[in-house]
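Novice: generate coordinates for the sequence data below:
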Amino acid sequence: MEASFEITLQIVITVFAGITAQVLAAYLRVPSIVFLLMFGILLGSDGIGVLHPHMLGIGLEVIVALATAIILFEGGLNLDLQELGKVSTSLQLLVTLGTMITLLGGSMAAHWLGEFPWSIAFLFASLVVVTGPTVVSPLLKQINVDRQVATLLEGEGVLIDPVGAILAVVVLNTILNNHTDFITAMSSLVMRLGIGGVIGAAGAWLMSLISKRANFLSFELKNLVVLAGLWGLFALSQMIRSESGLMAVVVAGVVFGASSVPEERLLRRFKGQLTILSISVLFILLAADLSIASVFALGWGGVFTVLVLMFVVRPINILFCTWNSDLNWRQKLFLSWVAPRGIVSASVASLFAILLTQRGVNGGEAIKALVFLTIIMTVVCQGLTAGWIAKWLQITSKDAIGAVIVGCNPLSLLIARLFQEREEPVVMIDTDPKRCEQAEAQNLRVIASSALDSGVLEEAGLASMGTFLAMTSNGEVNFVLAQRAKEEFNPPRVLAVFPRDPQATTSTNENKVNQALIPDLPIKTWNEYINDGRVKLGTTTLNESDFDLQQAHMQALIQAGELIPLLVERDEHLQVMPAAEEWEVGDRIIYLLHDPRPHLLKRLSGARASIPLSVEKLPEVEEIPLAISQLSTSDAPAP
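Specialist: Coordinates of the predicted model:
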């Protein structure tokens, strides 16, 4: 009973420390692995000595295997096949050619700088070819990097994990069996990948069939069926061929994610929670089992090995694998910088250290120490600076362009045309065929369907767009659409036209849907104005000398119902104006001004409503009334 309680206490401490590290990382907005490693080392035998993973015995290997299966399945589940198609060639090269470049470059660095024998150097390099979705995915969520770069990094992290783990097993078998030749080693690698891929694909198809047909099951039970299924596939693949289970769960995740099963969003959320728990437990246990003395024993040779891996091998890797891609130099530079190692490297290195020691081969602890040094240096150096590098290179998702606009009415079509004139992609969505025809007549891309269908939003390319705008005549529907878009796709800017703010006291700022244009926008009235030709399209730039006067004048027109700001151009980016936006000096505002002249007089004067509105400087806004100037002067403090 006492021994069982000790093991229970070890598990409780591990989970508590892991979740605490995740909470701190979320609060401070840094990669969680930083605190996981810190807490693990602190609680381990080289720290305060309250956590002893060796007490779990062979159970530690079981925990590592099953938790890694969950992590890789969730990674495959989140892979966007449409986005992968855009970078498929680069991704294929990263997983194949990139693996070989890292293997050769890492082994040479470990041999010549770290003074490892060639066999042990190759084993180390095979362990660090992986980048690790456990680190990359949370990192990308925090820094909101460009979608194309994020997809490439996530795809590389997920797909290269099983390849790297299997490659490491092949290298280990070659070391332990000196007679194994190159052909035998490569055939073993291909065999493991093939068996894992076939079992994973077949199992995922069966699981998706059950999820679609078994209507008698609640979604909670369906989630558990998928969990049992992925562990079953992992075990079956391992039984048929050792170390093929990792490939099986990755392929299962990709195939299952592409099957469009019902309530997929809830399944992803469940698997995401399991992944966070698995990562927390694994990193704490493996870090606690690390000997700090063995890390220091590596000396400067170990440090230089990792630096070469980061600043020489990775850039060469990206240079060759993205040579003919449409990625620009900023994106390639960011890809060269970000390659943190994660849980698969740590877990496989820990397992290999045990196997090498059992077989009487020296170097097991040294390899484990060097792998953990690689994890620490890459995570701390790249993880903590990735956000700053992305902003410096201007490849964050906040810089994403284009818009998905729901509702084909005169006002939304005008906004869409303004985006289109800037050569930004625009997609309109509406259920009314006549309105869709009006949008198509203006050479806009239109999807005649409901935006409540996440598949429609995916078809519109919302995942890579900068703005989502809901502008139907129904404010409540707009708000619901914007919330769904925020939860499922999380584009940088989500706006909607709704009459009141139902989330003012219930939603956090991070998840809040912004009101578009102005509060309580009378969209039907302004659509009538546009149809009757009783509007002018103007632009003004807020300058420093007249900023207060310009702002007061335009706000007065807004309050009078005579003007609505449509778009704001700031730092060369065009954005839909949020109702609560604070204007800044240098903003170029594109607005719609009500022209109260009767439509008949306008026609008699030669104006035609059919002529598209052109953006111009309007004297009604540019010339600030004297009353506004006097009011601003009277508000100024006396000298």
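
Novice: show me where pLDDT drops low in the stretch 451-600 of the chain?
Specialist: 500-511, 598-600 (pLDDT under 70).

Novice: strands of that one, start to end?
Specialist: 467-470, 493-496, 514-515, 535-541, 563-570, 573-576, 588-594 (DSSP state E, counting those that start in this stretch).

Novice: what's the local residue count around residue 596?
Specialist: 8 (other C-beta atoms under 10 Å). Quick note: C-beta positions are derived from backbone N, CA and C, even for glycine.

Novice: for the residue lying closest to it once chain neighbours are set aside, the count of nearby residues, please.
Specialist: With sequence-adjacent residues excluded and distances taken as C-beta to C-beta, 6 or more residues apart in numbering, residue 596 is closest to residue 534, at 6.8 Å. Residues near residue 534, counting by other C-beta under 10 Å, number 18.

Novice: please tell me how far residue 534 sits from residue 186.
Specialist: From residue 534 across to residue 186, the span is 74 Å (C-beta to C-beta, to the nearest Å).

Novice: cool, residue 487 as well?
Specialist: Distance from residue 487 to residue 186, by C-beta to C-beta: 45 Å.

Novice: next: residue 116.
Specialist: 23 Å.

Novice: more neighbours, these two?
Specialist: Shown here are residue 116 and residue 186; by other C-beta under 10 Å, residue 116 has more neighbours (25 against 11).

Novice: OK, contacts around the closest residue in space to the more buried one that isn't next to it in sequence?
Specialist: If the residues on either side of it in the chain are set aside, residue 116 comes closest to residue 110, at 4.7 Å by C-beta to C-beta, 6+ apart. With contacts defined as C-beta atoms under 8 Å, 6 or more residues apart in numbering, residue 110 is in contact with 116, 120, 121, 124, 125, 305, 370.

Novice: show the pLDDT at residue 110.
Specialist: For residue 110, the model assigns a pLDDT of 95.

Novice: three-state assignment of it?
Specialist: Secondary structure, DSSP: H, G, I helix; E, B strand; the rest coil: residue 110 is helix.

Novice: chain neighbours aside, what residue packs nearest to residue 123?
Specialist: Using C-beta to C-beta, 6+ apart, the closest residue to residue 123 is residue 171 (5.1 Å).

Novice: from residue 188, how far out is that neighbour?
Specialist: 10 Å.

Novice: what's around the nearest residue to residue 594 once chain neighbours are set aside, how many residues?
Specialist: Nearest non-adjacent residue to residue 594, counting by C-beta to C-beta, 6+ apart: residue 562, 4.7 Å away. Counted with other C-beta under 10 Å, the neighbours of residue 562 add up to 16.

Novice: so, low pLDDT: which residues of the stretch 251-400 of the chain?
Specialist: Ranges of the stretch 251-400 of the chain meeting pLDDT under 70: 397-399.

Novice: all helices of it, in order?
Specialist: Using DSSP state H, counting those that start in this stretch, the helices found in the stretch 251-400 of the chain span residues 264-288, 292-296, 299-308, 314-321, 329-337, 343-358, 364-378, 384-393.

Novice: same question, the stretch 501-639 of the chain
Specialist: Ranges of helices within the stretch 501-639 of the chain are 523-532, 547-559, 599-604, 619-622, 626-635, based on DSSP H, counting those that start in this stretch.

Novice: tell me the mean pLDDT over the shortest one?
Specialist: What it means is helix 619-622. 84.

Novice: need the contact partners of it.
Specialist: For helix 619-622, using C-beta under 8 Å, 6+ apart, the contacting residues are 536, 538, 540, 553, 554, 557, 563, 591, 593.

Novice: for residue 575, see how far away the fourth one is.
Specialist: Between residue 553 and residue 575 the computed distance is 22 Å (C-beta to C-beta).

Novice: of those two, who's got more company?
Specialist: residue 553 (24 against 20).

Novice: wait, isn't that one in contact with residue 624?
Specialist: Yes: using C-beta atoms under 8 Å, residue 553 is in contact with residue 624, at 4.9 Å.

Novice: and residue 171 and residue 188? which has more neighbours close in?
Specialist: residue 171 (24 against 19).

Novice: returning to what we had before: is it true that the residue nearest to residue 596 touches residue 595?
Specialist: Yes: using C-beta under 8 Å, residue 534 is in contact with residue 595, at 5.1 Å.

Novice: partner residues bridging residue 592?
Specialist: In this entry, residue 592 is beta-bridged to residue 537, residue 564, by DSSP bridges.

Novice: show me what counts as buried in stretch 327-345.
Specialist: Using 16 or more other C-beta atoms under 10 Å as the test for burial, stretch 327-345 gives 327, 330-345.

Novice: go on, stretch 109-120?
Specialist: Buried residues in stretch 109-120 (16+ other C-beta under 10 Å): 109, 110, 111, 113, 114, 116, 119, 120.

Novice: quick one: the helices in the stretch 1-150 of the chain?
Specialist: Under DSSP H, counting those that start in this stretch, the stretch 1-150 of the chain gives helices at 2-28, 32-43, 59-77, 81-86, 88-95, 97-112, 118-127, 133-143, 147-176.

Novice: compare those helices and give me the one nearest residue 381.
Specialist: Among those, the nearest to residue 381 by C-beta to C-beta is helix 32-43 (11.0 Å).

Novice: what's in contact with that closest one?
Specialist: 13, 17-18, 20-22, 24-26, 47-48, 50-51, 134-135, 138, 279-280, 283-288, 290, 292, 340, 342, 375-376, 379-380, 383-384.

Novice: ChimeraX command for the buried members of those residues?
Specialist: To isolate the buried subset of these in ChimeraX, counting by 16+ other C-beta under 10 Å, use the following:
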select :13,17,18,21,22,24,25,47,51,134,135,138,279,280,283,284,285,286,287,288,290,340,342,375,376,379,380,383
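
Novice: most packed of the strands of the stretch 451-600 of the chain?
Specialist: strand 467-470 (a mean of 27; mean count of other C-beta atoms under 10 Å).
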